[in-house]
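Novice: Fold the following and give me the result.
(4 chains)
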Number of protein chains: 2
Amino acid sequence: MTAEPSRRARRHDPGRRDRLIDAALTVIADKGVAGTTHREIARVADVPLGSMTYHFDSLDQVLAEAFTRHAEQAATVFDQRLGAATDRAGAVEAVIGLVRDDLIGSPGDLILAVELYVAAARNPALKAVTQAWMQRSRDALERHFDPATAREVDALIEGLVLHSVLSTDPMTPDQIRHAIERYLR
Amino acid sequence: MTAEPSRRARRHDPGRRDRLIDAALTVIADKGVAGTTHREIARVADVPLGSMTYHFDSLDQVLAEAFTRHAEQAATVFDQRLGAATDRAGAVEAVIGLVRDDLIGSPGDLILAVELYVAAARNPALKAVTQAWMQRSRDALERHFDPATAREVDALIEGLVLHSVLSTDPMTPDQIRHAIERYLR
DNA sequence: CGCTCATGTGTACGCTCGTACACATGACGG
DNA sequence: CCGTCATGTGTACGAGCGTACACATGAGCG
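Specialist: This is a model prediction of the structure:
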């Protein structure tokens, strides 16, 4: 905890740009893309509003960089989990974890990946992030399955987790695993 | 074509409320939930702005009624298709059609169902619509499959179609069908 | 025919937003 | 030690929004 800056302005603040991107991710997870504004990000990061336009050309750019960073961070965790997995079951488990983490945000109900999908529908930069993100789990599965199967397993996992999150009657992780095993048999 | 009203105000316009909801759906499909405003809906429906607040208490109410209407319309088409289906393959095909229609909006890329998921994350009324919507396809599949299988097939279809829509390298309908058949074997 | 009031309209208010931009400031080279 | 200028800040502007509400209007009744 080097920091407890709070009130006083910090004249020189290298890495502020990075902190702003992190703050943006917090806001997205908290309020959704629709509730993400320059002012809210600045408030969360405890910097003046002007700092936003100083560091970024536009709000879209902030969103794109935030999602990109999230994808990179998720990828790191994912690669660790996948590295630990030596068989198909382990790979499947890693992908389930990846999808689950991306679908279930901090405040109970939010769905970061789905926010990204919607935002990407109208923002080409985000579309590239989305596709890279999806490609990663497919690539990982292809270490253990043929391409067609990898694709289908990937889609199955996403569908199952998505339904699981949105349902009143959520599936348990065991049920998800069972469905995938059944598919692979 | 009874109507070409365009310019002149129509003093008495029964059914205008309905037309506004339809206009709202057009706007959602066109601009997304984020781009849906009172003014835009009024413009599309060619009515004055004041008409919106006269007919609806809030924009949220418009969104909820619009999504509800869409779900009802989709359900009608779905029930027809499903009525024509007498076997498992037919039921699966009907669900694929339902999901596809809800995922692929008019302007190429839009994803009505995903817009709904995001909106529902912060709007309890929409959450109910979402769940009813999902329940419908599951119920339909349960005519032909046991509940656990129905749930899994439903999720598989949604995942496959979602990935198919978002991918640069979309799966063909045949590939989707093949994946589901493989699952059912 | 004329009165009445549900129905429908136009406008304006208060707010938040993205963005621009003139100004402050302090690190650093000379 | 001082001048300079990249770095960082505060504020204001114009646009677009949801919503409220005073007013217009014409259908239907007596």
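
Novice: use CA for all of it now, contacts and neighbours both
Specialist: OK.

Novice: And the residue nearest the centre of chain A?
Specialist: Nearest to the mean C-alpha position of chain A, by C-alpha atoms, centre = their mean, lies A:Asp102 at 4.4 Å.

Novice: Helix or strand for it, just tell me which one.
Specialist: helix A:88-103 (DSSP states H and E).

Novice: Could you check how far A:Ala89 is from DNA strand C?
Specialist: Distance from A:Ala89 to DNA strand C, counting by C-alpha to the nearest atom of the strand, to the nearest Å: 43 Å.

Novice: give the contact list for the closest residue to A:Leu59 other than its chain neighbours.
Specialist: In space, and not counting its chain neighbours, A:Leu59 is closest to A:His38: 6.9 Å by C-alpha to C-alpha, 6 or more residues apart in numbering or on different chains. A:His38 is in contact with A:Leu49, A:Met52, A:Leu59, counting by C-alpha atoms under 8 Å, 6 or more residues apart in numbering or on different chains.

Novice: one step back: C-terminal to the helix holding A:Asp102, what's the next element?
Specialist: Using DSSP H and E, the first helix or strand after helix A:88-103 is helix A:112-120.

Novice: hmm, that next one in reach of chain B?
Specialist: Yes: Helix A:112-120 reaches chain B (C-alpha under 8 Å from any C-alpha of the partner chain) through A:Val114, A:Glu115, A:Tyr117, A:Val118.

Novice: Now do the same for A:Thr86: helix, strand or coil?
Specialist: coil (DSSP: H, G, I helix; E, B strand; the rest coil).

Novice: Can you tell me the number of residues neighbouring it?
Specialist: Other residues near A:Thr86 come to 11 when the count uses other C-alpha atoms under 10 Å in any protein chain shown.

Novice: And for the one 10 residues further on?
Specialist: For A:Ile96, the tally of surrounding residues (other C-alpha under 10 Å) stands at 23.

Novice: Pull the contacting residues for it.
Specialist: A:Ile96 sits in contact with A:Ile157, A:Glu158, A:Val161, where contact means C-alpha under 8 Å, 6+ apart.

Novice: list the buried ones in whichever strand or helix holds A:Val153?
Specialist: In this assignment (DSSP H and E), A:Val153 forms part of helix A:147-166. Residues A:149-166 are the ones in helix A:147-166 that count as buried (16 or more other C-alpha atoms under 10 Å in any protein chain shown).

Novice: again, but for stretch A:73-91
Specialist: For stretch A:73-91, by 16+ other C-alpha under 10 Å, it's A:Ala74, A:Ala75, A:Phe78, A:Asp79, A:Arg81, A:Leu82, A:Gly90, A:Ala91.

Novice: can you check stretch A:32-48 too?
Specialist: Buried, per 16+ other C-alpha under 10 Å, within stretch A:32-48: A:Gly32, A:Val33, A:Thr36, A:Thr37, A:His38, A:Glu40, A:Ile41, A:Ala42, A:Ala45, A:Asp46, A:Val47.

Novice: and these, which of them are in helices?
Specialist: A:His38, A:Glu40, A:Ile41, A:Ala42, A:Ala45 (DSSP state H).

Novice: Which other helices and strands does the helix or strand encompassing A:Asp18 contact?
Specialist: Secondary structure assignment for A:Asp18, by DSSP H and E: helix A:16-31. The contact analysis (3 or more C-alpha pairs under 8 Å, 6 or more residues apart in numbering or on different chains; DSSP states H and E) places helix A:16-31 against helix A:38-45, helix A:59-84.
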